[in-house]
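Peer 1: sequence? don't have it. structure:
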């Protein structure tokens with residue numbers, strides 16, 4: 001099954017220095033239709049190579065469920081977010097709701113050749 005295949009992910013959370021930029025709604029012109037085989041699976045994130053799991057929740061609406069294990073001082077904690085993929089011209093944008101907030105952080109995302117790249121806006 002493809003979701004068990006280990007794929008290496010390169011996540012560039014800060015390609016350029018900056019801060020998160022927020023929106024009241026997911027950013028983009030409309031939902032991106034995605035192929036589960038390009039997104040689902042176990043990925044390894046940089047810099048710690050900690051695994052995270054991506055599952056496609058709704059391929060027509062471009063909604064992903066991303067789950068990972070946090071390692072706070074109090075002990076391991078399972079975390080999860082929904083990632084909303086939207087298209088904007090040739091770009092694919094990812095938005096996620098900040099915990100306990102009424103706004104979304106966002107960035108440009110790309111899945112290519114078994115790598116996942118995320119660029120955050122520079123402000």
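Peer 2: On my side now, so go ahead. Quantities reported herein were computed from a predicted structural model and do not represent experimental measurements.
Peer 1: what pLDDT, on average, does stretch 116-123 get?
Peer 2: Averaging pLDDT along stretch 116-123 yields 81.
Peer 1: residues of that stretch that come out buried?
Peer 2: Within stretch 116-123, the residues that count as buried by 16 or more other CB atoms under 10 Å are 116, 118, 119, 120, 121. The C-beta positions use only the backbone N, C-alpha and C, and glycine is treated the same way.
Peer 1: can you check stretch 48-55 too?
Peer 2: 52, 54.
Peer 1: mind checking how far that stretch is from the chain centre?
Peer 2: Here stretch 48-55 is found 11 Å from its chain centre; the criterion is CA atoms, centre = their mean, to the nearest Å.
Peer 1: just stretch 54-62 next, same as before
Peer 2: Put simply, stretch 54-62 sits 12 Å off its chain's centre (CA atoms, centre = their mean).
Peer 1: quick one: furthest residue from the center of the chain?
Peer 2: Each residue of the chain has a distance to the centre, and by CA atoms, centre = their mean the biggest one is for residue 74: 25.3 Å.
Peer 1: picking up where we left off before, quick one: which of the buried residues of stretch 116-123 is nearest residue 41?
Peer 2: Closest approach to residue 41 among the buried residues of stretch 116-123 (CB to CB): residue 116, at 10.0 Å.
Peer 1: which pLDDT does the model give the residue farthest from the centre of the chain?
Peer 2: Residue 74 is assigned a pLDDT of 80 by the prediction.
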